[in-house]
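# Return a 3D structure for these sequence lines:
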Amino acid sequence: MPYQPIADYGLIGNMHTAALVGKNGSIDWLCLPHFDSPSVFASILDDKKGGYWSIAPVSGSTTVRQVYWPETNVLVTRFLQQEGIIEVIDYMPVGLKQGDRGFRHLVRRVEAVRGTMQVRMQCCPAFNYARDTHTLSRSDHGVIFTSPALSLELLGQTPIEISGDKHSAEANFEVSQGERTSFALRMLDDQHRGAPMDSSEVEQSLFEHTVRFWHEWLSQCKYSGRWREQVFRSALALKLMTFEPTGAIVAAPTCSLPEAIPGTRNWDYRYSWIRDASFTLYALLRLGFTYEAEQFMGWLEKRCHERKPDGGLQTMYGLRGEQQLPEITLDHLDGYRGCKPVRVGNAAANQLQLDIYGELMDSVYLYNKHGAPISWDLWVQLSALVDWVCDHWQLPDEGIWETRAGNQQFVYSKLMCWVALDRALRLADKRSLPADRPRWSKVRDEIYLDVMKNGWNDEIKSFVQHYGSKSLDASALVMPLMFFMAPNDPRMLHTLDAICRDPADGGLLSGNLVYRYQRGGLKDGLAGNEGTFNMCTFWLVEALTRAGQIDRAKLDQARLLFEKTLGYANHLGLYAEETSVSGEALGNFPQAFTHLAVISSAFNLDRTLGTENW
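Residues are numbered from 1 along each chain as shown. Next up is the predicted model:
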């Protein structure tokens, strides 16, 4: 199958794993049984060897439309031809337990809306990132693919044939107006067997159950502001990136989608970052999803009880708390559009990134305030972590952008160390908890003064990326969001002005989109360039929104920027990590951090617009 643009995919899932479904009707990414398991379909990373599952018209000129069933994660791909219209409806049943019909199935329904159309289904798995061979045999309900580590059964209400190569399956069939047929893929083992989907009535029941689940879940959302549809879609996408067994949230359900084409900046995002914590808790609690916030907080608390030998935390963990995430390259795969290497695992887990302690403490503070009071046992661990920050905040580190060219005194890392101490002091005072207040207060003030002295460059009138630098960094936009700096402070306003200049003039704002840092300004140890970073654009919206509480022009600028940036989502409202100069989606897709930023900026911008009387 030829490579599709990254933006031409929709996401379906069951809170254990997720699949990318292209506008051409092909599932080109699926890992089983979990997000971080080896892939079964990965043609998005190698269009010849990766494996896929396609359902599409056999021939003819086709127009394609792709939408989500309203307020759900059920995906509809509509093929329009002169001869008629068919829909491929893709979903993973949710809200089921082991033994239920449809448990851990991926269902694909084909339905003729008008006319008559010839359709072909092709299922070509490539197990273990296309490293394992498999055999194919018939079963009572379809065919079974058997590999050394995993067996899958493909079920069909239409007869399925074994292809001539004996490794793939296909079905050629005709559907006419009012007719439908379904296929389903399920794992075959004792844990995930479940009862098969063996009739159209069963499939219809599964469909209705899944739609009802999503409607009931989304009904908890408290947001009723101006950008309701985009906030709802971001919330639904975040739910799909939740790992239900532990409450962890993956940064993205994919790996090694490139940040530039051609390029080698290809990373595995199927893990959970401590950095995401405060942004995640803020978004979930603001929207009213208290259960998800509680589950994620539980995952975070366990990590605090599993500190490293030096007393600190890792930057990221596996979905079950795994600490070892060895990074390897899959050299037999060509990479998306030839962008090698394909990486699985992530060596950044071993980096020193001091900012994570600020995000952690901010998330705990928010959860204690808007969720539920934290326990004494957690406070004991947090106190030890705050003491650790007091001992180590002056170290250079790899920073938020996980550079691979040596450590620096990054301003953002210092800022977030200040946040760690500030939130710990606030929490201790709010709950009357025992704390080393004199030391924590002293170090908090030392960090503040240090950032003001060394993080500010008077020559360019801006906060900079790291001490001694003249380069800008979009992470400075977080200063007013974390209440480190007043949004109307002259230094913050000067920094906003600097970032909002065009890159040709030394800024970071290209058109309406923001780069993470100046190209050529940071030797990050990585070859090539990258696109603008969508999350950073929404950070700019929030910084302008906060400044706009005093300056109407900045509030108008924030709204215009926000609404323009919404236009860079794909046709389904999903965002990749980055956007290229040509507007193409780049990087892992969809990215949780971006959707968290959408929710936060929509909430705060709507609140500011709604409460201020201009």
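
# Helix or strand with the lowest mean pLDDT in the chain?
Counting by mean pLDDT, DSSP states H and E, the chain has its least confident helix or strand at helix 277-287, which shows a mean of 90.

# from the middle of its chain, how far away would it be?
Relative to the chain's own centre, helix 277-287 is displaced by 14 Å; criterion: Cα atoms, centre = their mean, to the nearest Å.

# Repeat that for stretch 128-148.
Mean-position distance between stretch 128-148 and its chain equals 30 Å (Cα atoms, centre = their mean).

# Let's verify residue 301: helix, strand, or coil?
Look at residue 301: counting by DSSP: H, G, I helix; E, B strand; the rest coil, its state is helix.

# from what I can see it touches residue 380, true?
No: Residue 301 is beyond contact range of residue 380, at 11.4 Å (criterion: Cβ atoms under 8 Å). Just so you know, the C-beta spots here come from the backbone N, C-alpha and C atoms, and that holds for glycine as well.

# So for those two, which sits in the more crowded spot?
Higher neighbour count among residue 301 and residue 380: residue 301, with 19 against 13, using other Cβ atoms under 10 Å.

# Just the CA trace of the least confident helix or strand of the chain, in PDB.
What follows is helix 277-287, C-alpha atoms only, in PDB (Å, rounded to 0.1, in the frame of the first residue of the first chain):
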ATOM      1  CA  ALA A 277       1.500  15.000  34.500                       C
ATOM      2  CA  SER A 278       0.400  18.500  35.400                       C
ATOM      3  CA  PHE A 279      -1.000  19.200  31.900                       C
ATOM      4  CA  THR A 280      -2.900  16.000  32.000                       C
ATOM      5  CA  LEU A 281      -4.400  16.500  35.500                       C
ATOM      6  CA  TYR A 282      -5.300  20.000  34.700                       C
ATOM      7  CA  ALA A 283      -7.200  19.100  31.500                       C
ATOM      8  CA  LEU A 284      -9.000  16.100  33.000                       C
ATOM      9  CA  LEU A 285     -10.100  17.900  36.200                       C
ATOM     10  CA  ARG A 286     -11.200  21.000  34.300                       C
ATOM     11  CA  LEU A 287     -13.400  18.900  32.000                       C
END
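
# elements contacting it?
Where contact means 3 or more Cβ pairs under 8 Å, 6 or more residues apart in numbering; DSSP states H and E, helix 277-287 is packed against helix 228-240, helix 290-304, helix 356-370, helix 592-611.

# Mind doing that once more with 10 Å?
In terms of contacts (3 or more Cβ pairs under 10 Å, 6 or more residues apart in numbering; DSSP states H and E), helix 277-287 is packed against helix 228-240, strand 248-249, strand 272-273, helix 290-304, helix 356-370, helix 411-431, helix 478-481, helix 592-611.

# Could you tell me the angle between that helix and helix 356-370?
20 degrees (axes from the mean of the first three to the mean of the last three Cα atoms, to 10 degrees).

# Tell me which of the helices and strands packed on helix 277-287 sits nearest to residue 326.
strand 272-273 (16.8 Å; Cβ to Cβ).

# The closest one: partners in the sheet, and parallel or antiparallel?
Applying DSSP bridges to the sheet, strand 272-273 is found paired with strand 316-317 (antiparallel).

# Give me the contacts around the very next helix or strand once past the strand it pairs with.
Per DSSP states H and E, the first helix or strand lying C-terminal to strand 316-317 is strand 328-329. Defining contact as Cβ atoms under 10 Å, 6 or more residues apart in numbering, one finds that strand 328-329 is touched by 256, 266, 268, 335, 340-345, 347.

# can we see that at 8 Å?
With Cβ atoms under 8 Å, 6 or more residues apart in numbering as the test, strand 328-329 has contacts from 340-345.

# residues near residue 354, how many?
By other Cβ under 10 Å, the residues close to residue 354 number 28.

# what do you get for the one 4 residues further on?
One way to gauge burial is a neighbour count; for residue 358, by other Cβ under 10 Å, it gives 28.

# cool, and residue 20?
26.

# mind listing what's buried in stretch 510-523?
Buried residues in stretch 510-523, defined by neighbour count with 16 or more other Cβ atoms under 10 Å: 510, 512-518, 521-522.

# pLDDT for those - can I get that in JSON lines?
What follows is those, written out as JSON lines (pLDDT from 0 to 100):
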{"residue": "510", "pLDDT": "94"}
{"residue": "512", "pLDDT": "92"}
{"residue": "513", "pLDDT": "96"}
{"residue": "514", "pLDDT": "97"}
{"residue": "515", "pLDDT": "96"}
{"residue": "516", "pLDDT": "94"}
{"residue": "517", "pLDDT": "92"}
{"residue": "518", "pLDDT": "86"}
{"residue": "521", "pLDDT": "58"}
{"residue": "522", "pLDDT": "61"}
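
# any chance you could map the helices in the protein?
With DSSP state H as the criterion, the chain has helices at 127-130, 200-218, 228-240, 277-287, 290-304, 356-370, 376-392, 411-431, 437-454, 478-481, 490-499, 534-547, 552-566, 592-611.

# and residue 177, which of those helices is closest to it?
Nearest of those to residue 177, taken as Cβ to Cβ: helix 200-218 at 16.1 Å.

# Who are the packing partners of the closest one?
strand 84-91, strand 105-124, strand 180-187, helix 228-240.

# send the alpha carbons of the first one over as PDB?
Translated: strand 84-91. This file holds the C-alpha atoms of strand 84-91, laid out as PDB (Å, rounded to 0.1, in the frame of the first residue of the first chain):
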ATOM      1  CA  GLY A  84     -23.000   4.200  -5.300                       C
ATOM      2  CA  ILE A  85     -21.800   4.800  -1.800                       C
ATOM      3  CA  ILE A  86     -20.400   2.500   0.800                       C
ATOM      4  CA  GLU A  87     -19.300   3.100   4.400                       C
ATOM      5  CA  VAL A  88     -16.600   1.200   6.300                       C
ATOM      6  CA  ILE A  89     -17.300   1.600  10.000                       C
ATOM      7  CA  ASP A  90     -14.400   0.800  12.300                       C
ATOM      8  CA  TYR A  91     -14.400   0.500  16.000                       C
END
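
# other SSEs contacting it?
strand 9-13, strand 52-57, strand 75-81, strand 105-124, helix 200-218.

# of all those, which lies closest to residue 462?
Closest approach to residue 462 among these is made by strand 9-13 (37.5 Å; Cβ to Cβ).

# buried ones in that closest one?
Quick answer for strand 9-13 (16+ other Cβ under 10 Å): 9-13.

# what angle sits between that strand and helix 228-240?
Relative orientation of strand 9-13 and helix 228-240, computed by the same axes, to 10 degrees: 50 degrees.

# got the angle between strand 9-13 and helix 200-218?
Angle, strand 9-13 to helix 200-218, by the same axes, to 10 degrees: 90 degrees.

# Distance of residue 418 relative to residue 483?
10 Å (Cβ to Cβ, to the nearest Å).

# With residue 10 instead?
38 Å.

# rewinding a little: for the buried residues of stretch 510-523, work out which two are farthest apart.
Greatest spatial distance among the buried residues of stretch 510-523 (Cβ to Cβ): 512 and 522, at 22.8 Å.

# Could you list the low-confidence segments of the stretch 351-500 of the chain?
For the stretch 351-500 of the chain, no stretch is flagged by pLDDT under 70.

# coming back round to it: if you compare the helices and strands packed on helix 277-287, which one is most tucked away?
Among the helices and strands packed on helix 277-287, ranked by average contacts under mean count of other Cβ atoms under 10 Å, first place goes to strand 272-273 (a mean of 28).

# And it, how far out from the chain middle?
10 Å.

# what do you get for stretch 329-342?
Using Cα atoms, centre = their mean, the offset of stretch 329-342 from its chain centre is 21 Å.

# Then stretch 169-185?
Distance of stretch 169-185 from the chain centroid (Cα atoms, centre = their mean) equals 33 Å.

# Mind listing what's buried along that stretch?
In terms of neighbour count (16+ other Cβ under 10 Å), stretch 169-185 has its buried residues at 169-171, 173, 175, 180-185.

# Which one of those is nearest to residue 479?
The closest of the buried residues of stretch 169-185, once distances to residue 479 are taken by Cβ to Cβ, is residue 185, at 47.9 Å.

# That'll do, ta.
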